[in-house]
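**Q** Predicted model, plus sequence, below.
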Amino acid sequence: MLDQLHSASDWTAKTIAGVAADQLAAPTPCTEWDVRTLLDHLIGGTWMFAAAIGGPSDDDSTAPDADRFRGAADALLAALHEPGALDRTAQLPIGPVPGSALVGIALLDVLVHGWDVAKATGQNTAVADPLAETVLAVATQAVGPEMRGVYFADPVPIDEHARPVDRLVGYLGRRP
């Protein structure tokens, strides 16, 4: 899954680079956040994941958003590639998780919030099917009923033959 986190990070970084300054106040699929708030959450969350697994937590808030995200994603990936990282326990706001589980949680967060940014700014929301299928498998295991209404909305009905990315975001309460 580390390779897929790398792919998701690249896709999300390109998406963030495509955000225009006049789109920062636009609404997003995360209904309580505009694009600016979503970007801050995504970038800050990625730094948080890096720090939770033993990496740095620094953020150059003066850099462009795509560079800030790329720095956070690179720090996270470097920390996860350290010997023994996947066997460590990471302290997250949801509680302690094994490093191996952190990979899936970060993958879910990076890809889905990247999709949110793309959707909100009129960019291409297509994600490679194998990547979306992996994240959908993570989501179906990680997102239980207790997380609905707190972190995720109720699922949106999506045709079972729809693209994997559409089934993924629908499962997480978003409309493709």
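**A** Received the coordinates, thanks. Numbers count the residues shown, from 1 in each chain.
**Q** neighbouring contacts of the strand or helix carrying residue 166?
**A** Taking DSSP states H and E as the definition, one finds residue 166 inside helix 164-171. Helix 164-171 is contacted from outside by 29, 112, 115, 125-127, 129, 132-133, 135-136, 139-140, 143, 155-158, 160, 162, 175-176, using C-beta atoms under 8 Å, 6 or more residues apart in numbering. Every C-beta, even on glycine, is put in place using the N, C-alpha and C of the backbone.
**Q** State the helix or strand in which the closest residue to residue 1 other than its chain neighbours lies.
**A** Spatial nearest neighbour of residue 1, excluding adjacent residues (C-beta to C-beta, 6 or more residues apart in numbering): residue 103 at 4.8 Å. In the assignment (DSSP H and E), residue 103 maps to helix 99-120.
**Q** What is the distance between that helix and the centre of its chain?
**A** 2 Å (C-alpha atoms, centre = their mean, to the nearest Å).
**Q** Equivalent analysis for stretch 77-90, please.
**A** 18 Å.
**Q** picking up where we left off before, generate a ChimeraX selection restricted to the buried entries among the contacts of helix 164-171.
**A** Per 16 or more other C-beta atoms under 10 Å, the buried members of the contacts of helix 164-171 correspond to this ChimeraX selection:
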select :29,112,115,125,127,132,133,135,136,139,143,155,158,176
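**Q** Name all residues that make contact with the residue nearest to residue 1.
**A** 1, 2, 5, 80, 86.
**Q** Next one: it, what pLDDT does it get?
**A** At residue 103, the model reports a pLDDT of 97.
**Q** again, but for the one 10 residues further on
**A** The predicted local confidence for residue 113 comes out at a pLDDT of 97.
**Q** Please apply the same query to residue 142.
**A** On the pLDDT scale, residue 142 gets 84.
**Q** Near it, how many residues? Count them for me, please.
**A** 17 (other C-beta atoms under 10 Å).
**Q** now do residue 124
**A** 11.
**Q** where's it, which helix or strand?
**A** Residue 124 belongs to no helix or strand, assigned by DSSP H and E.
**Q** Kindly report the same for residue 62.
**A** Counting by DSSP H and E, residue 62 is part of no helix or strand.
**Q** Got the phi and psi for it?
**A** Residue 62 adopts backbone torsions of phi -90, psi -10, taken as degrees, to the nearest 10.
**Q** do you know how far it is from residue 72?
**A** Separation of residue 62 from residue 72 (C-beta to C-beta, to the nearest Å): 14 Å.
**Q** What of residue 66?
**A** From residue 66 to residue 72 the distance is 11 Å (C-beta to C-beta).
**Q** Test for you: state the pLDDT assigned to the closest residue to residue 20 other than its chain neighbours.
**A** Leaving out its chain neighbours, the residue that sits closest to residue 20 by C-beta to C-beta, 6+ apart is residue 121, at 7.3 Å. Listed pLDDT for residue 121 reads 98.
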